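Novice: Okay, predicted coordinates and the sequence, questions at the end:
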Amino acid sequence: MTAYFRFVLSHRLAVGLVCLLITALSVAAFSTGVIASSIKKMFFGDSPRYAAYQARAKRFGSDEMFIVAFPQIDPLAVANLDRLARVVARLEAFPEVARVHSLLTAQRIWSDEDSLRVESYADAARSDPDRRSSLLDRLTSDKRHSGVVISRDGKHMAALVELAVDPTRRAEGVPKLVERVMDQFRRCGYSRAQLHLTGIPPLMSSIISETYVNLERLFPLSGLALLITVLVVFRRLAPALLASGIALIADAWALGFSRLLDREFNILVSMVPAVILVVSYSDVIHLWSAFQIELKSGKDRNEAILASATDVGTACLLTSATTFVGFLALSLVPTPMFRQMGLVLGFGVAVALLLAMTLVPLALSVLPIGRTAAPPSPLMGRFLERLASGCSRRPGAICGLFALGLAGSIAGLTQLHIDTDMPERLSEGSRFRQDQRYFTRHFAGTTSVEVFVDTRRREGLLEPAVLRGIDTLERRLAARPEVDHTVSLVTLMRALHQAIAGKDGLPDTRQALAQYLLLFEISGGEHLEQMVDFKRRTMRIVVRTNSNAVRATHETGLAINRMGHQLLDGRASVESSGIAFLLGWWLDAIVAGQRNGLLLSFAVIALMMAIGLRSVRVGLLSMLPNLLPLLALGGFVGAIFRPTDSDTMGIAVIALGIGVDDTIHFLMRYRIESGRTASRDEAIRRTFAFSGRAIILTTVVLVAGFLPFATSDYFTTWMTGTLLPGALVVALLADLLLVPAMVQLGLLAFDRRGGGG
């Protein structure tokens, strides 16, 4: 590192111009990018499961839809039906909309003089308005429509706006589409205060809108918090401005790199600048602090700059490498947006180090010395002396206290259950959460599992035994507490059998089943293509659940698959699908990827620690203090949250990458001091005197940078501002107490030449 610092000092103008040129190119590159993420690109990539879902959605209809509901005192009144018809016509003119399901498309089935009749409830109400009350009673008892397009009490209506299948639809454009849909309702006389909205597109709209608010507000807040904190702790403006400038340049380079990877910035990548902004400050603080100490010892400016490279340059290189590994581990998550985020974050950390090693010595070489040196804080000095003394005198007690904390964390970990309820990531008072409560009160569950039964042969669904097996499956599903509503070809067949034969149940011959379907179609029955294909080989069951947790939805879908396999006994295959189900599968892959990334980063960081500290034993044992913040984080969320949001794992990966830094700075300095003195107590004291202040200040700065995130109403961002700073504080306590206690007990010991023990 000293040689590199010499090079920078010898070629200041050329180095500065190169940095300026790369920054200009990076700004030009990312300025041509756009924030855009399709569901495919964000979550599923080229997954065969998602491709199969798309193919089925094109054949049977998509579950990617808006559901707009509103109170209506007299749903079947002609004026109300006319107003609904106007808004439906407007919506179906949108190129993004495939069709709209509503009370207008709900059909009743009955027989009249041995003839089957199929007519929409709306048409029946228009032709005979005096029968509205009896029609409404029949509608609310119709299992195909009650709880879906009409509330169970008949006082609320819903329109299901099904979107056309488009895997390239940008999620960032969804808020505008939501607003356009709501605008059509308003133009047709519906009050916005009466309208309630749910579904995956509106949920994505709320999350994206919250993300933009956070980015616009939190990035400058974090930058201001960092600037003020560095200004306060150093009592000089120069290090604060330099750290901020390096962070902004690192952001520009990272975003330029992201643009080279992909023209489209996804939602996660758009959060990268705030993270790099915070992390970039650490190396500047350590280099500046080392320079102050060397300058105070009597060295001239250039000697102090070069000595700071020897003092902390190698440690900064190792800390950035470990942070790089921690962030890069996110790219192991098997989904496109995490891969891009991990690569860009890792690159950002690397360039932040390069810029700190380049621009800090360059700045120190030209700034007036009076502006770089700040008088040491006597209070901080006394505090560090007492810490060093306490760790030397009571190492056993300190280790015992941390052991108790470890036991409590493990107890909390046993309660850990990971799932993601995306609506609950929004604040309790958000419009979407309020609308969710409205739907829960008046309608069936709005999360659906799309179940496809394939007999693998033409007209296989006309086999009575097959249909009876599916009927049994649906009855068992109805008995499950999480299932609110099911509708399928079987539901239709039961209604037809009741109308034609006057009996509950299903027809018992192939000929009767075929005749029922023919009669339904020639009598004006609609939407059969969304229940069964033309060859009568494959059918669709829509299962509505009352849970928004995607992992629980996935487990429900898997349970349906198992029940179907058992009941149909090889006569047909049963496969669950749908956006919510696939998100649950995706979450399993995310959790597995995060777990594997965490384990891999832990192993690689341990190896790097062993190499950097020149001791396999010390390198491995030094990971124990860095394991504690992760266990404390997991134990806390396991004990408090039921279930734990999956994004907690991502915070753990980031906490590991950042938290290990101060352990490195402490142990690498201790290795140097242990080679200079025969006294372990004296080596610990000198280590605290040299590195303790910078270790505390970097944690203070990191916590200050992340704390503004705690003001967010979005749960994941809030966790970043609370749980991550909490983990960093635990890491600081471990570095200032447990690490020196382990040193004193001889667990982390170096020989007097600074080599490994």
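Specialist: Good, I have the coordinates.

Novice: alpha carbons only for contacts and neighbour counts from here, please
Specialist: OK.

Novice: Next, work out how far apart Met42 and Leu261 are.
Specialist: 15 Å (C-alpha to C-alpha, to the nearest Å).

Novice: can you check Val148 too?
Specialist: 44 Å.

Novice: and those two? which has more neighbours close in?
Specialist: Per other C-alpha atoms under 10 Å, whichever of Val148 and Leu261 has more neighbours is Val148, with 27 against 13.

Novice: Dihedrals phi and psi, the more buried one?
Specialist: phi -110, psi -70 (degrees, to the nearest 10).

Novice: repeat for the one 3 residues further on
Specialist: Per-residue torsions, Ser151: phi -70, psi 160 (degrees, to the nearest 10).

Novice: ok now do it, which residues does it touch?
Specialist: 140, 157-158, 442-443 (C-alpha atoms under 8 Å, 6 or more residues apart in numbering).

Novice: at 6 Å instead, please
Specialist: 442-443 (C-alpha atoms under 6 Å, 6 or more residues apart in numbering).

Novice: Just give me the residue right at the centre of the protein.
Specialist: Of all residues in the chain, the one closest to the mean position by C-alpha atoms, centre = their mean is Asp647, 5.0 Å from it.

Novice: Can you read off the pLDDT for that residue?
Specialist: pLDDT for Asp647: 77.

Novice: Spatially, what comes nearest to it if we skip its sequence neighbours?
Specialist: Nearest residue to Asp647, sequence neighbours excluded (C-alpha to C-alpha, 6 or more residues apart in numbering): Thr716, at 6.5 Å.

Novice: from the middle of its chain, how far away would the helix or strand harbouring that neighbour be?
Specialist: Per DSSP states H and E, Thr716 falls inside helix 715-733. Put simply, helix 715-733 sits 16 Å off its chain's centre (C-alpha atoms, centre = their mean, to the nearest Å).

Novice: What of stretch 392-412?
Specialist: On C-alpha atoms, centre = their mean, the centre of stretch 392-412 falls 33 Å from the chain's centre.

Novice: could I have it exported to CSV, CA atoms only?
Specialist: Taking Å, rounded to 0.1, in the frame of the first residue of the first chain, the C-alpha atoms of stretch 392-412 are listed here in CSV:
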residue,chain,number,x,y,z
SER,A,392,-7.4,-7.0,30.6
ARG,A,393,-8.7,-7.5,34.1
ARG,A,394,-11.9,-9.3,33.5
PRO,A,395,-11.7,-11.3,30.3
GLY,A,396,-13.5,-14.3,31.7
ALA,A,397,-16.5,-12.3,32.9
ILE,A,398,-16.8,-10.6,29.5
CYS,A,399,-16.8,-13.9,27.7
GLY,A,400,-19.4,-15.2,30.1
LEU,A,401,-21.7,-12.3,29.4
PHE,A,402,-21.4,-12.8,25.7
ALA,A,403,-22.1,-16.5,26.1
LEU,A,404,-25.4,-15.6,27.9
GLY,A,405,-26.3,-13.4,25.0
LEU,A,406,-25.4,-16.1,22.6
ALA,A,407,-27.7,-18.6,24.4
GLY,A,408,-30.6,-16.1,24.3
SER,A,409,-30.0,-15.5,20.6
ILE,A,410,-30.1,-19.2,19.9
ALA,A,411,-33.4,-19.5,21.8
GLY,A,412,-34.9,-16.8,19.6
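
Novice: Begin at 2, not 1, for the rest of this chat.
Specialist: Shifting the count to begin at 2 puts that one at stretch 393-413.

Novice: Please tell me how far the residue nearest to the centre of the chain sits from Leu278.
Specialist: 20 Å.

Novice: Tell me which helix or strand Ser112 sits in.
Specialist: Ser112 belongs to strand 108-113, assigned by DSSP H and E.

Novice: Name the strands paired with that strand and say parallel or antiparallel.
Specialist: Applying DSSP bridges, strand 108-113 is found paired with strand 116-121 (antiparallel).

Novice: buried ones in the partner strand?
Specialist: By 16 or more other C-alpha atoms under 10 Å, the buried positions in strand 116-121 come out as 117-121.
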